[in-house]
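Engineer: 3D, please:
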Amino acid sequence: MKISILKTDNVVTIDSFGFSNIDLSTVESNIHAIQFDTELSKGHIEYNDGKFNKEITDISSYQSIIDKHNQQKTEYDTQKQKDIDDFNAHKETYQYKRSIAYPSIEEQMDMMYWDNVNGTSTWKDAIAKIKSDIEKS
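Structural biologist: Residues are numbered from 1 along each chain as shown. Next up, the predicted model:
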């Protein structure tokens, strides 16, 4: 897992997924960023006061920040799945099925025009077929 804590930007990123609303007030003010790779068990702290970067082999002192990120990621994933489930349920409604079956407004207007010119019922027939094929439920 690759962790980036960017104090000056107020961003925490873990494996390329970032949040900018995590409280970083516990990070020392002279720290610009903390970068850490858990697979390699190494990283570094970047300072904003002219101090040289500091190599680190442990990220546990920032675990509460990582935990907050993981909590927000879980909440995000839960909401995302709920949105997907809601959309999939919506796709099963007759309203949705009809909305994608109907010809575009432009096509319908063209059908109506030519029906009027030719005395035909192409538009009414097309709409009636959709309504009969996709019944209200």
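
Engineer: now do the same contact list for residue 56.
Structural biologist: Going by CB atoms under 8 Å, 6 or more residues apart in numbering, residue 56 touches 34, 36, 42-45. C-betas here are computed from N, CA, C, even on glycine.

Engineer: where's the residue positioned nearest the centre of the chain, which helix or strand?
Structural biologist: For the chain, the residue nearest the mean C-alpha position is residue 80 (6.7 Å; CA atoms, centre = their mean). In the assignment (DSSP states H and E), residue 80 maps to helix 63-91.

Engineer: now do the SS call for the residue nearest to residue 5 when sequence neighbours are not counted.
Structural biologist: Leaving out its chain neighbours, the residue that sits closest to residue 5 by CB to CB, 6 or more residues apart in numbering is residue 34, at 4.2 Å. The three-state assignment at residue 34 reads strand, by DSSP: H, G, I helix; E, B strand; the rest coil.

Engineer: number of nearby residues for residue 34?
Structural biologist: Using other CB atoms under 10 Å, the number of residues around residue 34 comes to 23.

Engineer: ok so, going back, and the next helix-or-strand element following the helix holding residue 80, which residues are buried?
Structural biologist: Downstream of helix 63-91, the first helix or strand assigned by DSSP H and E is helix 94-101. Judged by neighbour count (16 or more other CB atoms under 10 Å), helix 94-101 contains these buried residues: 97-98.

Engineer: good, wrapping up.
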